[in-house]
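A.B. asks: This is a predicted model, with the sequence first.
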Amino acid sequence: MSLARNTLVQATLTLGSRILGFARDMALAARFGQGPLMDVFATALMLPNLFRRLFAEGAFAQAFVPVYGGVREREGEEAATATASEAMAFMAAVVVGFCIVLQIAMPWIMPWLLSAYRDDAGIMRVAVIATQLAVPYLAFMTIASLLSGVLNTGGKFALTAGVPVLLNICTLVPLLAPLVWPEIDPALTLLAVTAAVTVSGAAQAGLLWWGVRKLGVRLRLHLPRLTPAVKRALALAVPGALAGGAMQINSVVSQVLTGSDEGARSVLYNADRLYQLPLGLVGVAIGLALVPRLTRAFVSGDHEGGRRTLDDGLTLAMAFTLPAAMALLVIPFFIIDATVTRGAFTSEDAARTADALRQFAWGVPAFVLAKVLTPPFFAREDTRRPMIYAMSSVALNVTVGAGLFFVLSARGQDGVLGLAAATSLAAWANVILLAGTLMRERAWRPSPAFLSRMARVIAASLGMGAVLFVAGLNYERLSALLLAKEAAVVAVCGVGALVYAVLVVLFRAASPAELKAALRREPGAATPTGLD
């Protein structure tokens, strides 16, 4: 299937999951606002979210695909299956052990993670139990990530994109319980939600296991062994996961730094859910679709085909990411207040979250670009350098973020803004290192056609941004005119998308014929099975 077609499958199913996730976040905000229990929830989900994004949303899968695909090309299906089985057994054993240690140590760890509530025994107790309930999700995501890599290598993207919806369904159910049982203790609701996270992990891993068996791959569970094949796979995949998940690690670092500021972690959680949307829909989708194609190109020596594929991936990524980043930059309060403000979540909470979101917005293109620029390294089984670049960006984020957080807090300003700005800065530093290396080694050079198209996409995004800016100035008027703020945000986003689409065609960034051709199945592509 074509790159655009694979990306569309991945992004469409991810969109369904994100819509349900947004519904869950609206229920969370209405139930807990930005108070202590919301800080507890964000803390309990911090590590599971990191592993979900590192593993389930592509970083580990992107790194494992070249290993698994390369073995399959060179040694056959049986050897590839054995490698995957051995890697899964070893990784699962290591992560299960880590989860057990983490659960036992959590009563001593939590006061450091959530130091703002260290003297509140009730909040500390709920935070410890909630995190212990959510931690096993890490083990299930380790298995799910490897299964996703097997499916993606086989050209099956729909199931890997669709299973995250189970997380949102499982966690949404306990949040709806107060509708039929209003007297339920909010802390009990919180614990039920975190337990549902682990339930969803088991369901995701089980469904992917079924998908792999339907594909004809018979993985086996056995005692872990550190075989040469496992060493080779882990030597590439673990650094690859760290490299592909630099932004996710930076996000967790920022959350850890906010532990001493009441409500700050809730701000970051709510902002995170919005600025991560383009990354999940576009960056992860394109990254997962790129790796198998680039691996085939490099294995066969088709370097020109690899460069052309990367050009297509970058163009497609920015065509969808830039307008989303523009909207988050221009009308963040409009979006948050219209969709999230209700119940315990106030307009003041929305304003604080919007300020942080604006600082994340200018980093959104870099978050997505990193997802597209790392696959060329992974396809050549080079995960060491991307990992070094990623860890350098983490060091930059920690240094700048901590400095800005404490300086702004000391001046009576919101330190969260410094953390958000540092995360965006670190993302751009990572992109510069990745792109610079590829261009220096002639693995990729931006063609004149690519640069011209990018200029036109930027012009179309700026035109859309001007329309959104005017709409943002008239937020209250539009809400009154359309009878509801929710209707106003839907209408404004719809008009913005239409304006962008028209400008893309007018500026000749893409023609309808080119879009149709991009979505056409490639000659000789296999017919998808019922799995997709």
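C.D. replies: That came through, no problem.
A.B. asks: Helix or strand next in line after the host helix or strand of R308, which one?
C.D. replies: R308 is located in helix 303-330, with elements delineated by DSSP states H and E. Next helix or strand after helix 303-330 toward the C-terminus (DSSP H and E): helix 332-339.
A.B. asks: helices or strands next to that following helix in the packing?
C.D. replies: helix 264-278, helix 347-361, helix 448-473, helix 475-481, helix 485-506 (3 or more C-beta pairs under 8 Å, 6 or more residues apart in numbering; DSSP states H and E). From N, CA and C alone the C-beta is placed, and that goes for glycine too.
A.B. asks: Enumerate the positions of the helix holding R308 that are buried.
C.D. replies: For helix 303-330, burial by neighbour count (16 or more other C-beta atoms under 10 Å) applies to 306-307, 309-330.
A.B. asks: between it and helix 347-361, what angle do the directions make?
C.D. replies: On the basis of axes from the mean of the first three to the mean of the last three C-alpha atoms, to 10 degrees, helix 303-330 is oriented at 150 degrees to helix 347-361.
A.B. asks: And the closest residue to V364 other than its chain neighbours, how far from F367?
C.D. replies: Leaving out its chain neighbours, the residue that sits closest to V364 by C-beta to C-beta, 6 or more residues apart in numbering is A325, at 3.9 Å. Here A325 is placed at a distance of 9 Å from F367 (C-beta to C-beta, to the nearest Å).
A.B. asks: Please enumerate the shared neighbours of these two.
C.D. replies: Common neighbours of A325 and F367, counting by C-beta atoms under 8 Å, 6 or more residues apart in numbering, are P278.
A.B. asks: measure M26 to L221 for me?
C.D. replies: Distance from M26 to L221, by C-beta to C-beta: 39 Å.
A.B. asks: What of A443?
C.D. replies: Distance, A443 to L221, using C-beta to C-beta: 38 Å.
A.B. asks: Which of the two has more residues huddled nearby?
C.D. replies: The neighbour count for A443 versus L221, taken as other C-beta atoms under 10 Å, is higher for A443 (19 against 11).
A.B. asks: what about the more buried one, which SS state?
C.D. replies: Here A443 is recorded as coil under DSSP: H, G, I helix; E, B strand; the rest coil.
A.B. asks: what about the nearest residue to it once chain neighbours are set aside, how many neighbours?
C.D. replies: Excluding the flanking residues, the one nearest A443 by C-beta to C-beta, 6+ apart is P376, at 5.7 Å. When neighbours are counted by other C-beta under 10 Å, P376 registers 26.
A.B. asks: Double-check P376 against G306; I have them as touching.
C.D. replies: Yes. Assessed by C-beta atoms under 8 Å, P376 is found in contact with G306 at 6.9 Å.
A.B. asks: Now do the same for stretch 429-449: mean pLDDT, whole number.
C.D. replies: Mean pLDDT, stretch 429-449: 89.
A.B. asks: Identify all contacting residues around that stretch.
C.D. replies: Residues from elsewhere that reach stretch 429-449, judged by C-beta under 8 Å, 6+ apart: 246-247, 303, 306-307, 310-311, 366, 369-370, 373-374, 376-377, 380, 385-386, 389-390, 392-393, 396, 454.
A.B. asks: if we go to 7 Å?
C.D. replies: Residues outside stretch 429-449 that contact it (C-beta atoms under 7 Å, 6 or more residues apart in numbering) are 246, 307, 310-311, 366, 369-370, 373-374, 376, 385-386, 389-390, 393, 396.
A.B. asks: count of residues packed around T171?
C.D. replies: So T171, with other C-beta under 10 Å, has 25 neighbours.
A.B. asks: Show the backbone phi and psi for it.
C.D. replies: The phi and psi values for T171, taken as degrees, to the nearest 10, are phi -80, psi -20.
A.B. asks: As a check, name the ranges of all helices in the stretch 1-150 of the chain.
C.D. replies: 3-32, 36-44, 46-51, 59-75, 77-113, 121-134, 137-153 (DSSP state H, counting those that start in this stretch).
A.B. asks: packing partners for the fifth one?
C.D. replies: Applying 3 or more C-beta pairs under 7 Å, 6 or more residues apart in numbering; DSSP states H and E, we find helix 77-113 packed against helix 59-75, helix 121-134, helix 137-153, helix 228-244.
A.B. asks: With distance to F450 as extra columns, can I get the ones you listed in JSON lines?
C.D. replies: Putting these into JSON lines (distance: least, C-beta to C-beta, whole Å) gives the following:
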{"stretch": "helix 59-75", "distance to F450": "22"}
{"stretch": "helix 121-134", "distance to F450": "43"}
{"stretch": "helix 137-153", "distance to F450": "26"}
{"stretch": "helix 228-244", "distance to F450": "23"}
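A.B. asks: Dump those to CSV, plus mean neighbour count.
C.D. replies: Listed next are these as CSV, based on neighbours: other C-beta atoms under 10 Å:
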stretch, mean neighbour count
helix 59-75, 24
helix 121-134, 20
helix 137-153, 27
helix 228-244, 21
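A.B. asks: Pipe these into CSV and attach mean pLDDT and distance to A93 per row.
C.D. replies: Listed next are these as CSV, based on pLDDT from 0 to 100; distance: least, C-beta to C-beta, whole Å:
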stretch, mean pLDDT, distance to A93
helix 59-75, 70, 16
helix 121-134, 94, 20
helix 137-153, 84, 10
helix 228-244, 73, 11
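A.B. asks: For T258, find the nearest of the ones you listed.
C.D. replies: helix 121-134 (14.3 Å; C-beta to C-beta).
A.B. asks: related to what we said a few turns ago, identify whichever of the helices of the stretch 1-150 of the chain lies nearest to L242.
C.D. replies: Nearest to L242 among those is helix 59-75 (7.9 Å), distances taken as C-beta to C-beta.
A.B. asks: Tell me the buried residues in whichever strand or helix holds L167?
C.D. replies: Taking DSSP H and E as the definition, one finds L167 inside helix 165-180. By 16+ other C-beta under 10 Å, the buried positions in helix 165-180 come out as 165-172, 174-175, 178.
A.B. asks: report the angle between the axes of that helix and helix 36-44?
C.D. replies: Using the same axes, to 10 degrees: helix 165-180 against helix 36-44 is 160 degrees.
A.B. asks: Remind me what helix 165-180 packs against, helices and strands.
C.D. replies: Here helix 165-180 touches helix 3-32, helix 186-214, going by 3+ C-beta pairs under 7 Å, 6+ apart.
A.B. asks: how about stretch 394-401: buried residues?
C.D. replies: Result for stretch 394-401 [16+ other C-beta under 10 Å]: buried residues 394, 396-398, 400-401.
A.B. asks: least trustworthy helix or strand in the chain by mean pLDDT?
C.D. replies: In the chain, no helix or strand scores lower on mean pLDDT, DSSP states H and E than helix 512-518, which sits at a mean of 52.
A.B. asks: In helices, which of the buried residues of stretch 394-401 fall?
C.D. replies: 394, 396-398, 400-401 (DSSP state H).
A.B. asks: Which one of those residues is nearest to Q34?
C.D. replies: G401 (20.2 Å).
A.B. asks: Next, find the distance separating the closest one from L408.
C.D. replies: On the measure of C-beta to C-beta, G401 and L408 end up 11 Å apart.
A.B. asks: Common neighbours of the two, please.
C.D. replies: With contacts taken as C-beta under 7 Å, 6+ apart, G401 and L408 have G418 as neighbours in common.
A.B. asks: what's the neighbour count on the closest residue to A460 other than its chain neighbours?
C.D. replies: In this structure, A460 finds its nearest non-sequential neighbour in L503, 3.7 Å apart by C-beta to C-beta, 6+ apart. L503 is flanked by 20 other residues according to other C-beta under 10 Å.
A.B. asks: so how far is L221 from the residue lying closest to A27 once chain neighbours are set aside?
C.D. replies: Leaving aside its chain neighbours, A27 sits nearest to L175 (4.1 Å; criterion: C-beta to C-beta, 6+ apart). Per C-beta to C-beta, L175 is found 34 Å from L221.
A.B. asks: who's in contact with the closest residue to A202 other than its chain neighbours?
C.D. replies: Leaving out its chain neighbours, the residue that sits closest to A202 by C-beta to C-beta, 6+ apart is F140, at 5.5 Å. Taking C-beta under 7 Å, 6+ apart, we find F140 in contact with 201-202, 204-205.
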